[in-house]
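>>> I would like to see how this sequence folds:
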Amino acid sequence: MSSTPSVDLSGKVAVQRFLYRLSPTRSKVQSPYSIEERQYFKVAEDKSVEPLNSDRTFILRKPVSGVQSTIEPPAEEIKKNGLPRTYTQVGPAAYSIKNFSEAEEDDDLGGSVWDSSFALALYCAAHPEFIKGRGVELGAGVGLGGLLSTIFAGIAMEGVEGASSKDNGYQSIEEIANSPVATVEEENSDDAKVSAPVPPELSRILFSDSHENILQTCLSNIEASGFPIRKVEVGVMDWKNRVRGDMIGKFDFILGSDIAYYFPLVEPLARTVAYTLKSSPYDRKENTQLIRGKFVHVGPQHRESVEELKRKLGRGYKFNTGMEDIVMERFDLVPLFLDSIEDEDDNLRDEVEGIKGGYVEYQNIDTSKFSALVGYHNEDYDGFNGDFFFPAETGKETRYGDRGMESQYDTDASAY
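Numbering: from 1, shown residues only. Next up, the predicted model:
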């Protein structure tokens, strides 16, 4: 019996791959989009591997559709360990963020990438209408949550009537995916043509953190992502300090991914959100509340401080709040081997358009549970009298029960 010849992988680039998506059967929030994370290694002659660099690539993938959706999965095969090979199908690449880095000195929690950032981005892909006007990501760290969320919202808005226009300086997803990423200098030049597909109604987003050294890495990642420079700011924002007068009622949306990770942060975080989020007054002409500002926080379901943040917003600041369950799946895809990293773009196209039909073998699948907390102001808050209106400021917080001023919105965070 002849044996299968071994394949010489020396000199090749090994690509470690993970795929993140919302569970189609277990997650209350549904989204057809997915995120692929890649890291690169060089295979030596002795078959050992060494990192090419410490940077990562994030590929935002569209839903499976068209001809691809009709392709059957590969026939069942048995691996050497006697178990069948397992596959999942990925959609075409919509946009890639390359050369994304973590903070070199990770003494602070925000210097690394957390799974909550992926969950927040997938949630925003399901609710792209949240990302409009002027916004801020609190505790942005190296910026992954805000970058993925806003870009994914832009991708999801493609095809929505009135949501995308080349007149606004945006290209189609296909044009962007096949174009190089613009640097800061290139985007500010007269020849600038390429930028990440953020929602046209996004005015500006502030990436904020209390650690200035981490924001330097965040700024580098913003540049690497091709994010439109005219639509972004980076600045220090410390929740422990009282909100400045020029920040009151400034933001149409506020994003956070697992920033209420322990109890002492809850009170200053709730106060910062309450004072900086735009008010949502009652429109007597339309006989309805006008929701002008929205707070979106995604964190692990097991973290009790997230539930405490919900209670604090309700009891202390009369917020209307709601929670939705998110179940995210992470697939450990089989490694990809390339002759060189320059072959990656061809592989992305061939993997989906070729005979594989986007089916990728995976070795393991893990699931994680998250909670999406969404809130907005009580209709009686005018945006200016917080010191006299918020129970947390007037000393009357105990008057409100655990449900605070919650309404029917509490049962469905996407109700508006």
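>>> going by C-alpha atoms from here, please, whenever you check contacts or count neighbours.
OK.
>>> in the chain, which residue is most central in space?
The chain has residue 121 as the residue nearest its centroid, 2.3 Å off, counting by CA atoms, centre = their mean.
>>> in which helix or strand does it reside?
In this assignment (DSSP states H and E), residue 121 forms part of helix 115-126.
>>> roughly how far out does the helix or strand just after that helix sit from the chain middle?
Taking DSSP H and E as the definition, the helix or strand that follows helix 115-126 towards the C-terminus is strand 133-137. The chain centre lies 14 Å from the centre of strand 133-137; the measure is CA atoms, centre = their mean, to the nearest Å.
>>> note down every partner strand of strand 133-137 and its orientation.
For strand 133-137, the paired strands and their directions (DSSP bridges) are strand 202-209 (parallel), strand 253-257 (parallel).
>>> residue 32 is nearest to which of those strands?
Each of these was scored for nearness to residue 32 using CA to CA, and the closest is strand 253-257 (20.6 Å).
>>> can you give me the angle the closest one makes with helix 115-126?
140 degrees (axes from the mean of the first three to the mean of the last three CA atoms, to 10 degrees).
>>> between strand 133-137 and the helix or strand following strand 253-257, find me the angle.
If you walk from strand 253-257 toward the C-terminus, the next helix or strand you reach (DSSP H and E) is helix 266-276. For helix 266-276 against strand 133-137, the angle between stretch directions is 170 degrees (the same axes, to 10 degrees).
>>> check which helices and strands helix 266-276 is in contact with.
The contact analysis (3 or more CA pairs under 8 Å, 6 or more residues apart in numbering; DSSP states H and E) places helix 266-276 against helix 304-317.
>>> give the buried residues for the helix it packs on.
Judged by neighbour count using 16 or more other CA atoms under 10 Å, the buried positions of helix 304-317 are 305-317.
>>> next secondary structure element downstream of that helix?
Remark: after helix 304-317, the chain's next helix or strand is strand 320-338, criterion DSSP H and E.
>>> which residues sit against the helix or strand following that following strand?
Under the assignment DSSP H and E, the closest C-terminal helix or strand after strand 320-338 is helix 344-353. Contacts made with helix 344-353 from outside it, assessed by CA atoms under 8 Å, 6 or more residues apart in numbering, are listed as 68, 90, 91, 92, 93, 338, 357, 358, 359.
>>> what about these, which are in strands?
Applying DSSP state E to these, the entries found in strands are 93, 338, 359.
>>> Throw the residues you listed into TSV and include pLDDT, neighbour count and distance to residue 215, thanks.
Below are the ones in strands among the contacts of helix 344-353 laid out as TSV (pLDDT from 0 to 100; neighbours: other CA atoms under 10 Å; distance: CA to CA, whole Å):
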residue	pLDDT	neighbour count	distance to residue 215
93	95	22	28
338	89	17	33
359	95	20	38
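>>> just the closest of those residues to residue 378, please.
residue 93 (40.6 Å).
>>> the helix holding residue 121 packs against which elements?
Contact here means 3+ CA pairs under 8 Å, 6+ apart; on that basis helix 115-126 packs against strand 13-22, helix 144-157, strand 253-257, strand 294-300, strand 359-376.
>>> what about the stretch 51-200 of the chain, any weak spots by pLDDT?
Along the stretch 51-200 of the chain, the parts satisfying pLDDT under 70 run over 105-112, 159-194.
>>> got the residue ranges for the helices in it?
Secondary structure of the stretch 51-200 of the chain (DSSP state H, counting those that start in this stretch): helices located at 115-126, 144-157, 173-177, 184-187.
>>> so which of these is nearest residue 10?
Among the helices of the stretch 51-200 of the chain, helix 173-177 comes nearest to residue 10, with 30.2 Å by CA to CA.
>>> residues in contact with the helix holding residue 121?
Helix 115-126 is touched from outside by 20-22, 29-31, 33-35, 130-131, 144-146, 148-150, 152-153, 155-156, 256-258, 297-300, 326, 328, 370, 372, with contacts defined as CA under 8 Å, 6+ apart.
>>> can I get the buried part of those residues as one ChimeraX selection?
This is how ChimeraX selects the buried members of those, with burial counted by 16+ other CA under 10 Å:
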select :20,21,22,29,30,31,33,34,35,130,131,144,145,146,148,149,150,152,153,155,156,256,257,258,297,298,299,300,326,328,370,372
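>>> in a markdown table, list the strands paired with strand 133-137 along with distance to residue 334 and mean pLDDT.
Rendered in a markdown table, the data for the strands paired with strand 133-137 read as follows (distance: least, CA to CA, whole Å; pLDDT from 0 to 100):
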| stretch | distance to residue 334 | mean pLDDT |
| --- | --- | --- |
| strand 202-209 | 34 | 96 |
| strand 253-257 | 28 | 97 |
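>>> tell me the most buried of these?
Burial of these is given as mean neighbour count (mean count of other CA atoms under 10 Å); strand 253-257 ranks first at a mean of 25.
>>> tell me which helix or strand residue 224 sits in.
Taking DSSP H and E as the definition, one finds residue 224 inside helix 212-225.
>>> and the helix or strand following that helix, what does it pack against?
The element immediately downstream of helix 212-225 (helix or strand, assigned by DSSP H and E) is strand 232-236. Other elements packing on strand 232-236 under the criterion 3+ CA pairs under 8 Å, 6+ apart are strand 202-209, helix 212-225.
>>> which other helices and strands contact the longest one?
With contacts defined as 3+ CA pairs under 8 Å, 6+ apart, helix 212-225 has these neighbours: strand 93-100, strand 202-209, strand 232-236.
>>> now the residue nearest to the centre of the chain: how far from residue 149?
Between residue 121 and residue 149 the computed distance is 4 Å (CA to CA, to the nearest Å).
>>> now do residue 138
Here the distance between residue 138 and residue 149 works out to 13 Å (CA to CA).
>>> ok so, going back, so for residue 342, which of the helices and strands packed on strand 232-236 sits nearest?
Proximity to residue 342, assessed across the helices and strands packed on strand 232-236 by CA to CA, is greatest for helix 212-225 (17.1 Å).
>>> got the angle between the closest one and helix 144-157?
For helix 212-225 and helix 144-157, the angle between their directions (the same axes, to 10 degrees) works out to 30 degrees.
>>> what residues sit buried inside helix 212-225?
With burial defined by 16+ other CA under 10 Å, the residues of helix 212-225 counted as buried are 213-225.
>>> okay, those residues in JSON lines with distance to residue 59 and pLDDT next?
What follows is the buried residues of helix 212-225, written out as JSON lines (distance: CA to CA, whole Å; pLDDT from 0 to 100):
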{"residue": "213", "distance to residue 59": "26", "pLDDT": "88"}
{"residue": "214", "distance to residue 59": "23", "pLDDT": "92"}
{"residue": "215", "distance to residue 59": "23", "pLDDT": "93"}
{"residue": "216", "distance to residue 59": "23", "pLDDT": "93"}
{"residue": "217", "distance to residue 59": "20", "pLDDT": "93"}
{"residue": "218", "distance to residue 59": "18", "pLDDT": "94"}
{"residue": "219", "distance to residue 59": "19", "pLDDT": "95"}
{"residue": "220", "distance to residue 59": "18", "pLDDT": "95"}
{"residue": "221", "distance to residue 59": "14", "pLDDT": "95"}
{"residue": "222", "distance to residue 59": "15", "pLDDT": "96"}
{"residue": "223", "distance to residue 59": "16", "pLDDT": "95"}
{"residue": "224", "distance to residue 59": "13", "pLDDT": "94"}
{"residue": "225", "distance to residue 59": "11", "pLDDT": "95"}
